[in-house]
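Novice: Dropping the sequence and predicted coords here.
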Amino acid sequence: MADAMRVLFISGEVAPFTEENEISWLVRHLPEQVHETGDFETRIMMPRYGIISERRNRLHEVIRLSGTEVEMGTERHTLKVKVASIPGIRLQVYFMDNNHYFKRKGIIADREGKFFTDNGARALFFGRAGLETIRNLGWAPDIVHAFGWASAFVPLLLKTEFGTDPLFADTKTVYTPDSVDPNAIFDDETVTTFGLETDAGLVGGTLCEAGMAYADAVAYPPHIDPPSDATPQFTMDLDQVRELGCEMYEQVGSGVAV
């Protein structure tokens with residue numbers, strides 16, 4: 001796969017490590033489908049939530065990738081990176097692990113349904129952690145496909161604070177929104193506190209709106225109607241998933257609008 005296109009998938013949910021829904025199903029199958037063509041090399045990243053059992057899922061720490069200090073405003077939080085294989089296939093998932101942001105018994109809310117008040121900061125930490133890990137790997141992605149609210153900052157980060165890194169010089173981004181509301185707004189406080197560079201017109205909007213604004217292309221998941229028939233949308237048919245993924249990544253990587 002020396003000449004294979006490199007595609008990094010970053011998502012807050014990946015089946016079977018989290019409950020299956022349209023997004024987690026898509027991130028489980030899309031990397032496998034395009035990887036099996038032989039034209040793509042794929043890697044997957046997600047948070048290591050406290051609801052994910054390390055023993056049952058056979059997670060183990062990657063020592064050489066752990067220990068990075070991720071800057072979050074005036075604070076720095078240490079990242080651990082763990083890895084596990086998706087059952088039944090050879091693709092590995094890299095888990096971004098941090099006690100402060102992810103060691104909780106829930107993804108966006110606690111067991112009583114109360115939203116975590118720092119979901120925006122958690123998404124930003126995840127985005128920075130994932131890109132720092134790829135930087136430490138020295139694996140230059142041609143495409144980064146980010147999914148949902150948890151990965152919404154990734155297109156912005158690649159256009160701003162990671163934009164001068166030669167590793168990402170040719171990287172293009174695809175963003176897929178979700179319908180999950182994490183009760184987090186892209187507000188002035190988030191921008192100021194965490195030193196983000198952004199378009200003032202996006203302030204006050206949702207995280208997914210920011211993700212779509214900065215991505216080079218947007219592809220909709222099966223359960224959300226796109227704004228027009230011309231907008232790419234995945235179904236839950238594996239053949240369509242493979243065909244759309246391959247076509248879209250080739251076009252975006254070549255600078256062709258989709």
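Specialist: In hand now; what should we look at? Numbering: from 1, shown residues only.

Novice: What is the neighbour count of the closest residue to Glu22 other than its chain neighbours?
Specialist: Closest residue to Glu22 apart from its sequence neighbours, by C-beta to C-beta, 6 or more residues apart in numbering: His223 at 4.5 Å. All C-beta atoms are positioned from the backbone trio N, CA, C, and that covers glycine. Around His223 there are 14 other residues, counting by other C-beta atoms under 10 Å.

Novice: and if you look at the one 5 residues further on?
Specialist: As a burial measure, the neighbour count of Ser228 was computed by other C-beta under 10 Å and equals 6.

Novice: for Val62, same thing?
Specialist: Using other C-beta under 10 Å, Val62 is surrounded by 16 other residues.

Novice: who's in contact with it?
Specialist: 81-83, 94 (C-beta atoms under 8 Å, 6 or more residues apart in numbering).

Novice: let's see 7 Å
Specialist: 81-83 (C-beta atoms under 7 Å, 6 or more residues apart in numbering).

Novice: in the protein, which ranges drop under the pLDDT threshold?
Specialist: 1-2 (pLDDT under 70).

Novice: In it, mark out all the strands, start to finish.
Specialist: In the chain, the segments counted as strands under DSSP state E are 5-11, 40-47, 60-61, 69-72, 75-78, 80-85, 92-97, 143-147, 172-176, 185-186, 205-206, 217-218.

Novice: Please identify the deepest-packed of these.
Specialist: strand 143-147 (a mean of 28; mean count of other C-beta atoms under 10 Å).

Novice: Output that one as CSV, nothing but the C-alphas.
Specialist: Coordinates of each C-alpha in strand 143-147 appear next as CSV, following Å, rounded to 0.1, in the frame of the first residue of the first chain:
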residue,chain,number,x,y,z
ILE,A,143,-7.7,13.2,4.3
VAL,A,144,-9.1,13.7,7.8
HIS,A,145,-12.7,12.7,8.0
ALA,A,146,-14.2,14.0,11.3
PHE,A,147,-17.6,12.9,12.6
